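1. after the sequence you'll find the predicted model.
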Amino acid sequence: MFGRWLGSRRQAGAGRGGALAGLQVPRSAGVLGCRVLDPVGEPVRQAEFVITDGVGRKVVGGETDPFGSVLATVPEGDYRLAVTAEGYTPFYGAATVVAGGHATLGDVVLQPAAPPQLPEPGDWEVEPNHSQIGFTARHIGMARIHGRFNTFAGAVRIADRMEDSAMHVIIDAASIDTNVGMRDDHLRSGDFLDVARFPTLEFYSERFVHRGGSRWAVTGALTLHGVSRTVTLDTQYLGLGNGLQGERRAACRATTELHREDFTLTWQTMLAKGIAVVGPSIAIDLDIQIVPKG
C-alpha cells in the first residue's frame, strides 16, 4: 500500500471558537480537516481527497483550496482520509470525529513520487488499436458533441535526452465520427473541415518540456484547414508496460483546447442564419499508446 495510515488525532471545539467560530455544524456532526503541504512547506493546491467511513464507503471528496486545506463536516464516527496529488506519493490517515468536535491531522506533508520509467531511445509508432483521438464541442450553444477521428498514424523519436525527442501525427479528416451520419457528412463538407481540399490534420513537435512528476508539455505546430498554429499538449505520461504478446509499449494522456477561428473555421454561412452551430473552443483529448517501430 502506498503511503501509511496515521493514528487519529482529536481536538474539541469545532464551531465553538477560533477559525471555525462561524461554521455551522449540526449537533450530531463534527469537522475533519488538515492542511496539505509539499516538502518545502508550500500548500499543495487542487490535491484530491476522499473521506471514507469505517466500512470503506465514500462520505465526501473534493480538492484542496488555494491554501492546501481540507475541511469537511461529517457525522460523528471513525474516518479515513486519502489525499493524492500529481507527482506525490499518496497519503492515508485516520481520525475520529466527535459531535461538536474538530478532528485534525494537522500539516500533511506529501513526499515526491518516483517518476515512471521513460521509453527507451529509438523510433516508436502510435498503436492505433489502443489509442484514441477525441474531441468535445458545444452544439447550438447548448448540448455537447462528443466525437473522435477513427483513422490516424504517428511516429515518435525518443532521444537519449527526453527533451530532445520529436513526434509527428497525421489524422485523416474524413474519419471524423460523432455517431450521427448526417452530421458527420456535414462536418466533412466545405462548411466545416472541407476534407476535399484539406484531407489531413497534422501535428509536429520537437519540444518536450518536463513539468514535474509525470507531467510534460509537448509543443508543436498543428495544421488544420490549411492553417498552422502553435499548440501545446498538456500531457500525463502513464509509464511502460507489456502487451498480450509481450511487446513493449508506453502510454500517455494529453489534452488541449483549440479556438476554431484560429484555423479560419468561422462557418459564416451558418452564422449568417443566426445559428451558432459550434462554440468558439473545442476540447481535444488523446489517449495514446506507442510501440517500438518494427
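-> Done, it's in.
2. list the contacts of the host helix or strand of V231.
-> Using DSSP states H and E, V231 maps to strand 227-242. Residues outside strand 227-242 that contact it (CB atoms under 8 Å, 6 or more residues apart in numbering) are 86, 116-119, 203, 205, 214-222, 248-256, 258, 262-264, 286. (Each C-beta comes from the backbone N, C-alpha and C, glycine too.)
3. parallel or antiparallel, which strands does that strand pair with?
-> Strand pairing for strand 227-242, determined by DSSP bridges: strand 215-224 (antiparallel), strand 248-259 (antiparallel).
4. sorry, back to before: can I get the buried part of the contacts of strand 227-242 as one ChimeraX selection?
-> Per 16 or more other CB atoms under 10 Å, the buried members of those correspond to this ChimeraX selection:
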select :119,203,205,214,216,218,220,222,249,250,251,252,253,254,256,258,262,263,286
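5. correct me, but A137 touches R183?
-> No. In this structure, A137 is not within contact of R183 by CB atoms under 8 Å, at 11.3 Å.
6. shared neighbours of those two, anything?
-> The contact lists of A137 and R183 share I145, where a contact means CB under 8 Å, 6+ apart.
7. so what are the domain limits for the chain?
-> Following automatic domain parsing, one finds the domains of the chain at 11-109, 122-292.
8. CSV for those domains, including mean pLDDT?
-> Below are those laid out as CSV (pLDDT from 0 to 100):
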stretch, mean pLDDT
domain 11-109, 88
domain 122-292, 86
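9. how about the helices in the stretch 51-200 of the chain?
-> In the stretch 51-200 of the chain, the segments counted as helices under DSSP state H, counting those that start in this stretch are 181-188.
10. quickly list what the residue nearest to S214 when sequence neighbours are not counted is bridged to.
-> Using CB to CB, 6 or more residues apart in numbering and skipping the chain neighbours, the partner closest in space to S214 is Y237 (4.7 Å). Here Y237 sits in beta bridges with C252, going by DSSP bridges.
11. any idea how many residues pack against Y237?
-> Using other CB atoms under 10 Å, Y237 has 21 other residues around it.
12. do the same with T232
-> Other residues near T232 come to 16 when the count uses other CB under 10 Å.
13. so D285 is in which element?
-> Per DSSP H and E: strand 278-292 holds D285.
14. does that strand pack against any helices or strands, and if so which?
-> strand 122-126, strand 132-139, strand 152-158, strand 248-259 (3 or more CB pairs under 8 Å, 6 or more residues apart in numbering; DSSP states H and E).
15. please identify the buried residues of the third one?
-> Counting neighbours by 16+ other CB under 10 Å, one finds that the buried residues in strand 152-158 are 152, 154, 156, 158.
16. mind listing what the last one touches?
-> For I158, the residues meeting the contact criterion (CB under 8 Å, 6+ apart) are 118-124, 165.
17. same thing with the third one?
-> For V156, the contacting residues are 123-126, 165-167, 290, by CB under 8 Å, 6+ apart.
18. what do you get if the cut-off is 6 Å, keeping everything else the same?
-> By CB atoms under 6 Å, 6 or more residues apart in numbering, the contact set of V156 is 124, 167, 290.
19. about what we covered before: quick one: closest of the helices and strands packed on strand 278-292 to R57.
-> R57 lies closest to strand 248-259 among the helices and strands packed on strand 278-292, at 28.8 Å (CB to CB).
20. name the residues that touch that closest one?
-> Against strand 248-259 from outside (CB under 6 Å, 6+ apart): 119, 231, 233-238, 240-241, 243, 280-292.
21. again, but for stretch 103-121
-> With CB under 6 Å, 6+ apart, stretch 103-121 has contacts from 9-11, 32-37, 44, 85, 88-89, 91, 93, 95, 97, 158, 160, 162, 214, 239-240, 250.
22. quick check: I290 vs D107, distance?
-> 40 Å (CB to CB, to the nearest Å).
23. same question for F149.
-> F149 is 47 Å from D107, by CB to CB.
24. among those two, which residue is more densely surrounded?
-> F149 (18 against 12).
25. would you confirm that the more buried one contacts A173?
-> No. Using CB atoms under 6 Å, F149 is not in contact with A173, being 7.7 Å away.
26. burial of D191, as a residue count?
-> With other CB under 10 Å as criterion, D191 counts 14.
27. then the one 3 residues further on?
-> The local packing of D194 (other CB under 10 Å) involves 17 other residues.
28. kindly report the same for Y88.
-> 20.
29. shouldn't G30 be within a strand?
-> Yes. Checked against DSSP: H, G, I helix; E, B strand; the rest coil, G30 lies within a strand.
30. who touches it in this structure?
-> Shown in contact with G30 (CB under 6 Å, 6+ apart): 14, 76, 97-99, 101.
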